[in-house]
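K.L.:
Here is a sequence with its predicted model. Questions after.
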Amino acid sequence: MRSTFSGLEIAKRGMFTQQSALNTTGHNIANANTPGYTRQRVNFEQTEPYPNASINRPHIPGQTGTGVQAGTIERVRDSFLDTQFRYENNKSGYWDSRADALLKMEEIMNEPSETGLSKSFDRFWQSMQDLALNPTNAGARSVVRERGKAVAETFHYLSTSLKAVQGELKSELQVSVKEINSLANQINSINKQISEIEPHGYLANDLYDERDRLLDQLSGLSNVKISYEKSGGNALPIAEGSVSIEIVDAGGKSLGTLVDGKTKTVNEISIGYSSNNGLADTVSIGGTAIDVKDFGSAGKIRSLIDSYGYNDGGSAKGVYPEMLQQLDQLAYSFATEVNKVQEAGYSIKRIEEGGTSSSPFFDLDSLTNPPEGAAALIQLHQDILDSTDNIAASSNGNIGDGKNALALAEVKNQTFFIGGKTTTIQDFYESLIGGMAVDAQEANRLSSNTDVLRSAVDQRRQSVSAVSLDEEMTNMIQFQHAYNASAKMISLQDEMLDTIINGLRR
């Protein structure tokens, strides 16, 4: 026969368990606005019933319950939603960064506008046409020189501005590499703390939350694969263990281990740059170098590499290097073709002094072919700067003839071999600007799409894991009533025992 005092024990267990649930509810409410916090719940479990199976068990019909206990306090979290969020966050990190880089480029190119290169070209061609109408007019010649100077200065501005932003992208890339290494070290530190707690049978819920928050940040920087290593000892089955993080390529193939959950070590990332052009060459993970083009397919770091530029088989690739290359090709072709027509014509000085050709309009002595840095180096020839009489407006040696100035203006409509294709200067530049605009539009579209998808997944995740104050208030009332009922049971047991002990004596 069971003890008369067993009811007190059941009620006491009920009070303690409901009190644990109330404490956990209070913890949830207190952290309702804590970033990365996951709501927790107490798992109620029935205690072992009486009697146990044994030879000397009392002969009663069935087992009698002995109350309730708090089994574990665990987080309410869906790992599938975490995986989905990190996948979308990885893509969002790439497209947000790319859209930002292209936006800066659009702001520099500033087309169409009254201050862009296209307008400078138009004014230059127009000044040549005006000179053709009045080839002996000193004012018209001065306008041609100033318009030519304006074209050169516009090329200088575009080139230096693009290189300045490219330098900023490199700085941002280096900061992002430091950030990913910092996150890896923080995660590894949390791994060590968790591995000291779990073997004793505890769940490190708050450490899990902080680690998941760091993993979310890490997913925005690079392609990562996350796996878990059990802690061993007396760790509970639902204990998460230490996390291992691998950097993977587009196909999911491991490129190297960033955080090793077994050995509790970190292999930091570093980027190697070419000594020739300063572009990214390799990415090293713990000292093991891989080709930079194989480093992931998404994430902010991949996007910054694609924007800043990298070497691929000896050629420079990337948003800014390719734009600078095309700008150099345009500047070199423009200067070369203008010079051909200029040198074939007759300037006033050539007519007066004789000579086999007129002075070049642009100075190409400092330029190379292929035209590396042409946009930053293009400038008017010193003879043109010294005197506008060196502008070749005549085609037949007659000072009053303006046909060569008209031919200079027609350079705009002539086709040349520029950047691997036959096109006009105007069409090449329009193609360059159009390609940039399409890339920017696509980046903005995909940035918007990935942000929507990431927000949708995060909303679903928050609906599972975030603290709802209404729900917590409901739980608080429920646990409070259960606590009061258990306390009432103790009062009832006290009255029954008083009857047995004191009442039967009389």
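P.N.:
Here it is on my side, so go on.
K.L.:
The stretch 51-200 of the chain: strands as residue ranges?
P.N.:
68-75 (DSSP state E, counting those that start in this stretch).
K.L.:
As a check, name the ranges of all helices in it.
P.N.:
79-109, 117-133, 138-197 (DSSP state H, counting those that start in this stretch).
K.L.:
Quick check: which of those is nearest to S307?
P.N.:
Among the helices of the stretch 51-200 of the chain, the nearest to S307 by CB to CB is helix 79-109 (3.9 Å). Quick note: C-beta positions are derived from backbone N, CA and C, even for glycine.
K.L.:
Switch the helices of the stretch 51-200 of the chain over to a markdown table; also include distance to I348 and mean pLDDT.
P.N.:
Shown next, in a markdown table, are the helices of the stretch 51-200 of the chain (distance: least, CB to CB, whole Å; pLDDT from 0 to 100):
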| stretch | distance to I348 | mean pLDDT |
| --- | --- | --- |
| helix 79-109 | 37 | 95 |
| helix 117-133 | 12 | 94 |
| helix 138-197 | 9 | 95 |
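K.L.:
In CSV: those helices, plus distance to S465 and mean neighbour count.
P.N.:
Compiled in CSV, those are given as follows (distance: least, CB to CB, whole Å; neighbours: other CB atoms under 10 Å):
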stretch, distance to S465, mean neighbour count
helix 79-109, 8, 20
helix 117-133, 52, 20
helix 138-197, 18, 18
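K.L.:
can these go into CSV with extra columns for distance to S347?
P.N.:
Below are the helices of the stretch 51-200 of the chain laid out as CSV (distance: least, CB to CB, whole Å):
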stretch, distance to S347
helix 79-109, 34
helix 117-133, 12
helix 138-197, 10
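K.L.:
And those: which comes nearest S468?
P.N.:
Among the helices of the stretch 51-200 of the chain, the nearest to S468 by CB to CB is helix 79-109 (16.5 Å).
K.L.:
D281: what secondary structure?
P.N.:
Assigned with DSSP: H, G, I helix; E, B strand; the rest coil, D281 falls in the strand class.
K.L.:
ok, it - contacts?
P.N.:
D281 makes contacts with 272-274, 292, 310-311, as judged by CB atoms under 8 Å, 6 or more residues apart in numbering.
K.L.:
Narrow these to those that are buried.
P.N.:
Among the contacts of D281, those scoring as buried are 273, 292, 310-311 (criterion: 16 or more other CB atoms under 10 Å).
K.L.:
Closest to E430 out of the residues you listed?
P.N.:
Y310 (27.6 Å).
K.L.:
was I right about that closest one contacting D291?
P.N.:
No. Applying CB atoms under 8 Å as the test, Y310 and D291 come out as separate, 9.1 Å apart.
K.L.:
nearest to T72, of the contacts of D281?
P.N.:
V292 (46.2 Å).
K.L.:
my guess is that closest one meets V283, correct?
P.N.:
Yes. Contact criterion CB under 8 Å: V292 and V283 qualify, at 5.4 Å.
K.L.:
count of neighbours near S315?
P.N.:
Neighbour count for S315, taken as other CB atoms under 10 Å: 9.
K.L.:
now it: how far from V292?
P.N.:
With the distance defined as CB to CB, to the nearest Å, S315 ends up 13 Å from V292.
K.L.:
And F334, by the same measure?
P.N.:
Counting by CB to CB, the gap from F334 to V292 is 33 Å.
K.L.:
Likewise for T415?
P.N.:
Counting by CB to CB, the gap from T415 to V292 is 37 Å.
K.L.:
cool, and A375?
P.N.:
25 Å.
K.L.:
tell me which strands and helices the helix or strand where Q441 lies is in contact with?
P.N.:
Under the criterion of DSSP states H and E, Q441 resides in helix 425-465. For helix 425-465, the elements it packs on are helix 79-109, helix 117-133, helix 319-344, strand 415-418, judged by 3 or more CB pairs under 8 Å, 6 or more residues apart in numbering; DSSP states H and E.
K.L.:
Quick one, which of those gets closest to T154.
P.N.:
Closest among these, once you apply CB to CB, is helix 117-133, at 4.5 Å.
K.L.:
any idea how far that closest one is from the chain center?
P.N.:
Mean-position distance between helix 117-133 and its chain equals 43 Å (CA atoms, centre = their mean, to the nearest Å).
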